[in-house]
Structures are given as structure tokens and as C-alpha cells.
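# Quick one, fold the following:
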Amino acid sequence: MDRIAGNYEASIASLVERIAQDQRIGRDAVEAVLGVKLDAKPVANGRPQEWALHGLFSQKDGFRIELHPAEAGLELAISNPLDDGKACYLHAARIRSLLVETLGYKATELGAGKRPYTLLTQNAPPMSSPVAVALFARKPSFTNNASPDCVYSLKLTAAGG
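Numbers count the residues shown, from 1 in each chain. Got it, this is the predicted structure:
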């Protein structure tokens, strides 16, 4: 767990790249890239199994990685502190650059109000894509407006596998 927290941004970027290239999400692949085992979450009888991993950056700030069923297959949800006043744990520019510049994804700005987000897909909407990435980010309060955006939630949806 400490390995992920100490190398969080690189670990998450590697995981996003693997899913984007494979066009699938699988628990085995997530565990292999992160080098940890996901814990089974309690679910009601007849419901598909969900998996989760929780870790800490510090005594009060943590991250959560969850894998659960989605309409299009599986969703990998990654959450970290929105703004702890000290650090940006995942820079939006790194994930966006990886997907748009390196892998050729299309970025579409969506949402309004308090939760705008960027949808990154292989095909421009409304065409479907095998992988969809919703990136929720904003500027941290501890820096000026010229600072890069920090990701507080990242949701990847793809076929299971």
C-alpha cells in the first residue's frame, strides 16, 4: 500500500494506460499493475462482486480504488482528496496528455456548475467507444489560479476481462 501512495501518480497513469491499450478492465490486470490485491466488498446475494482498495497518503488523507459492475462492463473508480490544502496527488494534465496526445483519445468538456468534467474517449461523442474515462478535476485552493488542475475523481468504464 505504501508503494502506491509513494508513487501514486505514476501508478494511476500506468493503470489508465494499460486499460486504454487493452480496452478492457479486469481485476487481475488492476492488481498486477498496482502490485496489490483488491479486497472483496460485501454485496447482496445475486449481485456481482465488487472490489476495493483504500490507502493513505498521510494520517488524514487517503485514496480509494473501486472496481464494480457497470452497464457497459466494469467501472474502475479512483478517488483521492479533492483538496487537502497541501498537495495535488494526481495532475489532470498527466492523464489528459497520456490519453489525448499519446493514445489519440478525444476530449469533450461536459457538466456544468460544481462538477464539470472531461470525458475522454477513442471516438468523439455520440459514437460509442470501448473505453470511456471521466476525469473530474479543479484547481487546488492552496495555489494560485495558474496552477495545474488536480484530479479528485477518475472513472474508467470498459468491457470486463
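
# Check which helices and strands the helix ranked longest in the chain is in contact with.
Of all segments of type helix in the chain, defined using DSSP state H, the longest is helix 8-22. In terms of contact count using 3 or more C-beta pairs under 8 Å, 6 or more residues apart in numbering; DSSP states H and E, helix 8-22 is assigned the packing partners helix 27-34, strand 73-79, helix 92-97, strand 131-138, strand 150-160. C-beta here means a position set from N, CA and C on the backbone, and glycine is covered the same way.

# could you dump the ones you listed to a markdown table with distance to Q59 and mean pLDDT?
Converted to a markdown table, these look like this (distance: least, C-beta to C-beta, whole Å; pLDDT from 0 to 100):
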| stretch | distance to Q59 | mean pLDDT |
| --- | --- | --- |
| helix 27-34 | 22 | 92 |
| strand 73-79 | 18 | 93 |
| helix 92-97 | 26 | 93 |
| strand 131-138 | 24 | 91 |
| strand 150-160 | 19 | 91 |
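
# What is the neighbour count of the closest residue to V33 other than its chain neighbours?
Of all residues beyond its chain neighbours, the one nearest V33 is L15 (4.7 Å), with distances taken as C-beta to C-beta, 6 or more residues apart in numbering. Using other C-beta atoms under 10 Å, L15 has 22 other residues around it.

# Can you list the buried residues in stretch 152-161?
Residues Y152, S153, L154, K155, L156, T157, A158 are the ones in stretch 152-161 that count as buried (16 or more other C-beta atoms under 10 Å).

# follow-up on the earlier one: the longest helix of the chain relative to helix 27-34, how many degrees between them?
Between helix 8-22 and helix 27-34, the angle comes out at 140 degrees (axes from the mean of the first three to the mean of the last three C-alpha atoms, to 10 degrees).
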